[in-house]
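Student: Requesting a structural model of the entry that follows:
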Amino acid sequence: MRFIDTHCHFDFPPFVTAAEHSIAQAAQAGVERIIVPCVDASRFAVVSQLAQQHPALYSALGLHPINIAQHQDDDLDRLEQYLQTPDVKRVAIGEIGLDLYMEAPDFARQTRLLEAQLKLARRYDLPVILHSRRTHDQLAQHLRRHDVPRRGVVHGFAGSQQQAERFIALGYAIGVGGTITYTRASKTRHTIASLPLQALLLETDAPDMPLHGFQGQPNRPERARNVFEVLCQLRPEPPDEIADALWHNSLRLFALPD
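Tutor: This next block holds a predicted model:
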């Protein structure tokens with residue numbers, strides 16, 4: 001079976017200091033491709049370079065809401081400068097979105113940055129990788145107002161089934177990650193088990209979001225296979241059908257070569 005980790009911060013340790021080994025280790029678990037989203041403008045160059053250097057890696061550039069205090073006024077201009085240069089390994093704008101979980105969220109500025117980046121996604125015909133914590137309803141309102149033709153994915157989803165169905169109705173995919181490996185996450189597990197298979201993507205958010213059994217350790221892209229195995233326990237479809245759908249859902253959303 002072949003897998004794509006659609007969300008891994010490969011530009012951070014422990015991966016960036018051992019890129020070849022990390023890619024090979026992921027491949028041994030069947031994780032053949034990895035999408036690397038940015039968190040701020042200081043990472044644009046390294047993420048782009050990693051994708052150019054390694055066939056398995058693809059880049060996404062964006063300004064993460066959790067780094068709102070670090071973003072500079074001209075960072076949107078820097079982002080657009082990168083987008084103006086064609087790059088076949090750049091597959092999305094991300095990680096972007098909204099976050100009301102952190103202290104001092106500066107939500108008005110988060111909102112402005114999100115809207116500006118949704119407009120860039122439309123202008124440069126790219127999907128978006130969306131972060132959302134305690135903001136699913138607000139995020140859905142923004143997505144309804146800003147038509148992003150290539151749509152995108154709400155990553156690391158942990159909301160209600162109604163919220164997930166609202167995103168899917170807008171044309172967005174749902175990122176399935178390590179949350180479902182915790183039995184206490186019953187609401188999320190039930191939701192992921194009930195959604196249309198064609199709306200799901202596989203992800204790790206490595207080195208963050210450790211899976212059950214790996215608490216206290218950096219998460220890794222090869223553990224996308226562990227997420228897949230738990231997903232198979234929750235879903236009614238056979239494993240090969242689930243794996244095939246996850247693979248082709250990812251290819252389609254990010255316009256990756258088969």
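Student: Look up how far residue 210 lies from residue 119.
Tutor: Here residue 119 is placed at a distance of 35 Å from residue 210 (C-beta to C-beta, to the nearest Å). Where you see a C-beta, it was placed from the backbone N, CA and C, and this is true even at glycine.
Student: make that residue 4, sorry
Tutor: From residue 4 across to residue 210, the span is 20 Å (C-beta to C-beta).
Student: ok, these two, which is more surrounded?
Tutor: Comparing residue 4 with residue 210 by other C-beta atoms under 10 Å, the one with more neighbours is residue 4, at 28 against 19.
Student: Report the beta-bridge partners for the more buried one.
Tutor: Taking DSSP bridges as the rule, residue 4 bridges to residue 33.
Student: neighbouring strands for the strand ranked longest in the chain, and are they parallel or not?
Tutor: When the chain is scanned for its longest strand (criterion: DSSP state E), the result is strand 90-99. Looking at strand 90-99 with DSSP bridges, its partner strands are strand 57-61 (parallel), strand 128-133 (parallel).
Student: next structured bit after it?
Tutor: Helices and strands here follow DSSP states H and E; after strand 90-99, the next one along the chain is helix 107-123.
Student: Save the strands paired with strand 90-99 as CSV, and put in distance to residue 85 too.
Tutor: CSV is the format used below for the strands paired with strand 90-99 (distance: least, C-beta to C-beta, whole Å):
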stretch, distance to residue 85
strand 57-61, 11
strand 128-133, 19
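Student: closest to residue 107 out of those strands?
Tutor: Closest to residue 107 of the strands paired with strand 90-99, according to C-beta to C-beta: strand 128-133, at 11.9 Å.
Student: mind exporting the helix or strand following that closest one as CSV, just the C-alpha atoms?
Tutor: On the C-terminal side of strand 128-133, the closest following helix or strand by DSSP H and E is helix 136-145. Below are the C-alpha coordinates for helix 136-145, written out as CSV (Å, rounded to 0.1, in the frame of the first residue of the first chain):
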residue,chain,number,x,y,z
HIS,A,136,-14.5,25.8,12.7
ASP,A,137,-17.6,27.9,12.4
GLN,A,138,-15.8,31.1,11.8
LEU,A,139,-13.5,29.4,9.3
ALA,A,140,-16.4,28.0,7.4
GLN,A,141,-17.9,31.5,7.1
HIS,A,142,-14.7,32.8,5.5
LEU,A,143,-14.5,29.8,3.1
ARG,A,144,-18.1,30.5,2.1
ARG,A,145,-17.3,34.1,1.3
